[in-house]
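Enquirer: sequence first, then the predicted structure:
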Amino acid sequence: MHPLPRAILYWGSLIALDLSKYLVVGISSRALFDLEHENEIYVSGGFPAFSNYQLSHESDILKPGAAFPLVEALLKLNNIRPGERRVKVILMSRNHPDVALRVLKSIESYRLDVTRAALTGGTRLAPYLEPFRVDLFLSASDEDVQLAANAGIPAGRIYDVPEKSAAAIDHIRIAFDGDCVLFSDEAQQVYDAHGLEAFRKHEKTNSQTALPPGSFAKLLRTLSEFQGKDLNDSHVQIALVTARDSPAQERAIRTLRAWGVRLDQAFFLGGLPKEGVLEVFQPHIFLDDQDKYCLAAAPKVPTARVLTPISGVASAVENLEITIGATETADGFMLICKPYLKRQFRAAEPQLREWYSENMTILNEEAATSLQDELAFSIRDTPKGDERLQLKGWLRPTLATTNPIESAFSVVDRICKRVKRWRRGDHRERWVGAGLWLAEQNFRRVKGYKQLPKLLAELAKLNTPPPAQARVA
């Protein structure tokens, strides 16, 4: 039998289905099922050995993977109200369609309501996350998770199946870390640059100011809609498990209150191990950005690591589909990248060098030089690092993301969801205006606001047309 051509296979129909109305979870086959043995075959013997094994075991049902309980629990949310389905789970795998039948048969065997799939035949999954409107992507592949994070999709690298299976419960439990997961890395930057005491002082000073949202804030808000008003009959339980302690916990609690999110449990551990409380809470998934906490928690509970998006040139290089590569040294390549990363360069350099060595080792020196010249030419007019708009200090990181406006948008979204039927005319504009007016009541000065006049001056320079050249009579 000839293998199917490399292509995307859409299993089921997306016609006339608006995925924006659902919580959409993209799940890889290795996250959903225990495929570690099969992955070892692929690593050691390549695709032919993997394909032969899968075809010969096509009727063997796979064992549940680390994310299986989460998927099962999420799909149960569709049973809360008869006829109202609010969760969609989509299988997203690099598997070739011809060898994916074992996974599809296993889904059917466990009676999981997973009717759609993207099977990319070995190509990257990240470009297909947006068309499926994925709100959460879980995979066992560091590369796929990193590329998803770079694309702005909340993503987690799932760890191995825990040693013990958790007892079945009627509701879903999810545990989140705080900084760099639910919240932005603003406070983490203070800690990294100035230490613990400066961090505590900063958080105490800003205790009344909501933290900017992190990559998983939107997912948290969506999950909170399933909680219900009755504390004793909630379909979703949310826990915050963070290394913060006094006095930094106040800002975290006030932030979640401002977002309209109810915490069922919170653990401010001040550097204590997290796995103990997690083993008692027994979440369907624990999401953290630090590897040390994930490695400790993974044997106890299903765990996924949140990867930090790689910005600037590093992201562009990471996403290049170039498989040919370079010269004896990567120094020239690093010199091109360094001005455009500046403070981030030290952290990104090891990954850039690894990419360079893996992808540019078969080009001769002339071809590699030509490629570097093209890269340098393509970014020649790009503002470099902190020199963009000549802004330094707090205002630049404040405006480098959409975080300052996200809280206002979330209020507008919450207000507009109350409308049962939209009418013509300016009905939408009036409700959006009402939401923005309500959000305005909680507006505070952005960090670096004193630099706003300078920003306006720089923008004015960019918008000033060049002087007209005198015409020759």
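Expert: The structure has been received and is ready for your questions.
Enquirer: ok, now which ones touch the spatially closest residue to residue 296 that is not a sequence neighbour?
Expert: Once flanking residues are discounted, residue 296 sits nearest to residue 275: 4.6 Å by CB to CB, 6 or more residues apart in numbering. The way it works is simple: take the backbone N, C-alpha and C, and place the C-beta from them, glycine included. With contact set as CB atoms under 8 Å, 6 or more residues apart in numbering, residue 275 has these partners: 293, 296-297, 299-301.
Enquirer: so which of those comes closest to residue 78?
Expert: Distances from residue 78 to those, taken as CB to CB, are shortest for residue 301 (23.9 Å).
Enquirer: residue 274 versus the closest one, what's the distance?
Expert: 10 Å (CB to CB, to the nearest Å).
Enquirer: quick check: neighbours shared by these two?
Expert: Listed as contacting both residue 301 and residue 274 by CB under 8 Å, 6+ apart are residue 286.
Enquirer: residues touching the strand or helix carrying residue 241, excluding its own?
Expert: Counting by DSSP states H and E, the element that carries residue 241 is strand 236-242. Residues from elsewhere that reach strand 236-242 (CB under 8 Å, 6+ apart): 77, 171-179, 182, 220, 223-224, 226-227, 249, 252, 256, 261-269, 274, 277-278, 281, 283, 286, 288.
Enquirer: chain center to that strand, what's the gap?
Expert: Taking CA atoms, centre = their mean, to the nearest Å, one finds the center of strand 236-242 at 18 Å from the center of the full chain.
Enquirer: helix or strand next in line after that strand, which one?
Expert: helix 249-258.
Enquirer: CA atoms only: put that following helix into PDB for me.
Expert: C-alpha atoms of helix 249-258 as PDB (Å, rounded to 0.1, in the frame of the first residue of the first chain):
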ATOM      1  CA  GLN A 249       0.100  37.600  47.700                       C
ATOM      2  CA  GLU A 250      -2.200  40.700  48.000                       C
ATOM      3  CA  ARG A 251      -1.600  41.900  44.500                       C
ATOM      4  CA  ALA A 252      -2.200  38.500  43.000                       C
ATOM      5  CA  ILE A 253      -5.600  38.100  44.800                       C
ATOM      6  CA  ARG A 254      -6.700  41.700  43.900                       C
ATOM      7  CA  THR A 255      -5.700  41.000  40.300                       C
ATOM      8  CA  LEU A 256      -7.800  37.900  40.000                       C
ATOM      9  CA  ARG A 257     -10.700  39.800  41.700                       C
ATOM     10  CA  ALA A 258     -10.400  42.600  39.100                       C
END
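Enquirer: re earlier: which among the contacts of strand 236-242 count as buried?
Expert: Among the contacts of strand 236-242, those classed as buried by 16 or more other CB atoms under 10 Å are 77, 171-179, 182, 220, 223-224, 226-227, 249, 252, 256, 261-264, 266-268, 274, 277-278, 281, 283, 286, 288.
Enquirer: which helix runs longest in the protein?
Expert: helix 36-56 (DSSP state H).
Enquirer: counting contacts, what elements does whichever helix or strand comes after that one pack onto?
Expert: Counting by DSSP H and E, the next helix or strand C-terminal to helix 36-56 is helix 68-76. Secondary-structure packing of helix 68-76 (3 or more CB pairs under 8 Å, 6 or more residues apart in numbering; DSSP states H and E): strand 23-27, strand 87-93, strand 172-176.
Enquirer: now helix 68-76, how far from the centre of its chain.
Expert: 20 Å.
Enquirer: what of stretch 219-235?
Expert: The answer for stretch 219-235 is 22 Å, by CA atoms, centre = their mean.
Enquirer: neighbours of the closest residue to residue 298 other than its chain neighbours, just the number please.
Expert: Spatial nearest neighbour of residue 298, chain neighbours left out: residue 159 (3.7 Å); criterion: CB to CB, 6+ apart. Residue 159 has 22 neighbours, counted by other CB atoms under 10 Å.
Enquirer: surely residue 159 and residue 301 touch.
Expert: No: assessed by CB atoms under 8 Å, residue 159 is found out of contact with residue 301, at 9.7 Å.
Enquirer: just to revisit the earlier point, buried subset of the contacts of residue 275, written for PyMOL?
Expert: PyMOL command restricting the contacts of residue 275 to the buried ones, with burial defined by 16+ other CB under 10 Å:
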select buried, resi 293+296+297+300+301
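Enquirer: and the contacts of residue 275, which two are the farthest apart?
Expert: Longest span within the contacts of residue 275, CB to CB: 293 and 299, 12.5 Å.
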